[in-house]
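Asks: when you get a sec, could you give me coordinates for this:
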Amino acid sequence: MKYTKIKSDTQYTLYCERHEELTFKNYIAHQDEIELIEVLIEEYENRTIEYNSNLNPVEVLEYLLKENNLAKSELARELNVSRQLITDILAYRRDLTKAMIIKLSKRFKLSTAIFTKEYKLSNS
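Replies: Just a heads-up that it's a prediction; the model follows:
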């Protein structure tokens, strides 16, 4: 399969599916191809999120969860935080702390700047 820079959500989806297929098929035999796909996917995600710079950090997190097909409970487990904390952040009840910003940046391989934009918490 010939790979190019990802230019659309459709192409992004195809690359994600191919990545998953190769990973579960035989990771060792396809390691170079898998790593190339990962680079292309990561570059597209970074470009897409940076392009949508009008998104606030909560919207970015919602987008990342959806695009990575990741449940709040899975993210909480990976970051070693409570599911309730993730729920509260997504409901605009809690701010992102510096520690959480760093964890999210590392998890999704994104700049911390994406998660530092100001946003308003809900009053409830």
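
Asks: elements contacting whichever strand or helix holds Y15?
Replies: Element membership for Y15 (DSSP states H and E) is helix 9-26. Applying 3 or more C-beta pairs under 8 Å, 6 or more residues apart in numbering; DSSP states H and E, one finds that helix 9-26 makes contact with helix 31-51. Bear in mind the C-beta positions are built from the backbone N, C-alpha and C, glycine included.

Asks: tilt between the helix it packs on and helix 9-26?
Replies: Interaxial angle, helix 31-51 versus helix 9-26 (axes from the mean of the first three to the mean of the last three C-alpha atoms, to 10 degrees): 150 degrees.

Asks: contact partners of helix 31-51?
Replies: Helix 31-51 is touched from outside by 1, 3, 5-6, 12, 15-16, 18-19, 22-23, 27, 55, 60, 63-64, 67, 108-111, 114, with contacts defined as C-beta atoms under 8 Å, 6 or more residues apart in numbering.
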